[in-house]
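>>> Make a model of this:
(one chain, ligands or ions: 2)
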Amino acid sequence: MINHDPVDKLLDDATNGRSILKKRDVLHFTFIPDVILHRDNELAKVTQALLPILKKSRPSNLLVYGKPGTGKTLVVKTVLSKIQKRVEKSDFPIKLVYTNAKDETTLYGLLVSFGRQLGLKTQKELPTTGLSISGVFNRLLDVIQKNSTNAVFVIDEIDYLAELISKTGKDILYNLTRANERLKTGSLTLIGISNDLTFKERLDPRVLSSLSEEEIVFTNYTVEQIKEILLDRIKTAFILGTVDIAALNLCAAMAGQEHGDARRAIDLLRVAGELAEREQSETVKEDHIRRASQKMEEDKETTALNSYPLHEKLLIVAVMRAKGSSTGEIFQAYKGLCKATRQREITQRRVTQILGDIELSGLITGKIVHQGMHGRTKKYNLTVQPDVIKKAFKDDLVLTDVL
Ligand SMILES: Nc1ncnc2c1ncn2[C@@H]1O[C@H](COP(=O)(O)OP(=O)(O)OP(=O)(O)O)[C@@H](O)[C@H]1O
Ligand SMILES: [Mg+2]
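Numbers count the residues shown, from 1 in each chain. Ligands and ions are numbered 1, 2, ... in the order given. Below you'll find the predicted structure:
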């Protein structure tokens, strides 16, 4: 008897069916591969920059930058862990501490994270609230000095720090980069990592000059290099022979178009592998890669759409309905939607502002149109498929009736 139960079918496939992936974790972004391909130069440069620490002197501050997915985090973390392993058994007073500014919600939190890694474990040694920023900072310096530690602070995605910095914390980067001048014993080196190439331009020149005592730029991977990185992952992640060469080529080419982003290439491969496995395909084919790319794009759009408040969502629906219309016509459509959903409308002026904000996110595009003696207006269009919008908003109870 054939079992038509959808749950049973999925469970049967998972236990008896074909599998393609043998070690999914290998394709997760936190996985650290054994071999790092095509980054010998960068590995050497980062190591060289840190060498003074093994001679008990202070390395220069270092700024590492390059486009997303070019291996910056991987390379820096790998070098740190190798140095750490070497000095573990000796009594070298070295502390290499890492944080990602994107994962922290406050500057205070970021400094506490450094403090904990430096050994300030208890609330008494370093409370999680209550001190001033400079108070926390002084505790960090005290412990470095007390133990004569040579400390290296890595701040990954350091451009996010700008968002954490309040007025009181404004000088923190400056203080971090110049902390050394205040230490009688021990030392502090700062490594900043960023993929935001405009970050440097936005930095205070004083901070820039001390942060980038040394600089290492990560170049983009070529399509050929991405392909080799993928091949290496495929060996451990997939069952032998389950990824078509054509699929591999397409995956590398697509990631290559995006400036050679290894993360995107690996993500694409993972999603395609999952699709292929779900469909019980024998291998990952070109078409799986294409659909994976489409799915990832849609997921990104869906997340962006869902994060908007109600009136923004109503306006997006209004743009969808009145496609290619002027701001005035969109406003009329929006008013109709407000009536249908029993919401109080906001002013046309505010609507104009909000449309501008949504345009910045790329979900709609605007074009200024001159209308002779009537002045000018802006016409808006969706950049995403209406279906994506309908799917994204379908769980919003207020919107169900107007979709
Ligand atoms: N040379 C390489 N060999 C093997 N895997 C790599 C290589 N470069 C990058 N990767 C993998 O690609 C992904 C992205 O790399 P990584 O996180 O280091 O990028 P990044 O430069 O820090 O990007 P971002 O600026 O977005 O943080 C990771 O999964 C990493 O393991
Ligand atoms: Mg990174």
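>>> what about the nearest residue to Ala340 once chain neighbours are set aside, distance to Arg264?
What sits nearest to Ala340 in space, not counting adjacent residues and going by C-beta to C-beta, 6 or more residues apart in numbering, is Val402, at 5.3 Å. All C-beta atoms are positioned from the backbone trio N, CA, C, and that covers glycine. From Val402 across to Arg264, the span is 35 Å (C-beta to C-beta, to the nearest Å).
>>> For these two, work out which one has more neighbours and name it.
When neighbours are counted by other C-beta atoms under 10 Å, Val402 and Arg264 differ, and Arg264 comes out ahead with 21 against 16.
>>> secondary structure element for that one?
helix 262-278 (DSSP states H and E).
>>> for the helix or strand where Val64 lies, what is the average pLDDT?
In the assignment (DSSP H and E), Val64 maps to strand 62-66. Strand 62-66 comes out with an average pLDDT of 94.
>>> what does that strand rub up against?
Strand 62-66 has contacts (C-beta atoms under 8 Å, 6 or more residues apart in numbering) with 46, 49, 72, 76, 189-197, 199-200, 211-220.
>>> Relative to the whole chain's centre, how far out is it?
Computed by C-alpha atoms, centre = their mean, to the nearest Å, the chain-centroid distance of strand 62-66 equals 16 Å.
>>> what ranges do the strands span in the protein?
Counting by DSSP state E, the chain has strands at residues 62-66, 94-100, 150-156, 187-194, 214-218, 325-326, 364-370, 376-382.
>>> Quick one: those strands as CSV, columns for mean neighbour count and distance to Ile133 too.
Shown next, in CSV, are the strands of the chain (neighbours: other C-beta atoms under 10 Å; distance: least, C-beta to C-beta, whole Å):
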stretch, mean neighbour count, distance to Ile133
strand 62-66, 22, 22
strand 94-100, 19, 15
strand 150-156, 24, 15
strand 187-194, 24, 16
strand 214-218, 18, 27
strand 325-326, 17, 49
strand 364-370, 12, 40
strand 376-382, 17, 43
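>>> Which positions within stretch 227-247 qualify as buried?
Lys227, Ile229, Leu230, Asp232, Arg233, Ile234, Ala237, Phe238, Thr242, Val243, Asp244, Ala247 (16 or more other C-beta atoms under 10 Å).
>>> now check that stretch, is it near ligand 1?
Yes. Shown here: stretch 227-247 in contact with ligand 1 (C-beta under 6 Å from any ligand atom) through Ile229.
>>> what's the weakest-modelled helix or strand in the protein?
helix 161-164 (a mean of 77; mean pLDDT, DSSP states H and E).
>>> picking up where we left off before, wait, doesn't the residue nearest to Ala340 sit right on Leu337?
Yes. Val402 is within contact range of Leu337, at 5.4 Å (criterion: C-beta atoms under 8 Å).
>>> Assess the claim that Leu51 and Ser60 are in contact.
No. Using C-beta under 8 Å, Leu51 is not in contact with Ser60; the gap is 10.8 Å.
>>> more crowded one of these two?
For Leu51 versus Ser60, neighbours defined as other C-beta under 10 Å are more numerous around Ser60 (16 against 11).
>>> who touches stretch 87-106?
With C-beta under 8 Å, 6+ apart as the test, stretch 87-106 has contacts from 53-54, 56, 76-77, 80, 83-84, 110, 113-114, 117-119, 144, 147-161, 164, 186.
>>> Let me have the strands of the chain in JSON lines, extended by distance to Asp25.
Shown next, in JSON lines, are the strands of the chain (distance: least, C-beta to C-beta, whole Å):
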{"stretch": "strand 62-66", "distance to Asp25": "26"}
{"stretch": "strand 94-100", "distance to Asp25": "20"}
{"stretch": "strand 150-156", "distance to Asp25": "21"}
{"stretch": "strand 187-194", "distance to Asp25": "24"}
{"stretch": "strand 214-218", "distance to Asp25": "25"}
{"stretch": "strand 325-326", "distance to Asp25": "49"}
{"stretch": "strand 364-370", "distance to Asp25": "38"}
{"stretch": "strand 376-382", "distance to Asp25": "38"}
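>>> out of the ones you listed, which comes closest to Thr128?
strand 94-100 (14.8 Å; C-beta to C-beta).
>>> From the chain's centroid, how far away is that closest one?
Remark: strand 94-100 is offset 20 Å from the chain centroid, using C-alpha atoms, centre = their mean.
>>> Starting from that strand, tell me which strands it pairs with and how they run.
Applying DSSP bridges to the sheet, strand 94-100 is found paired with strand 150-156 (parallel).
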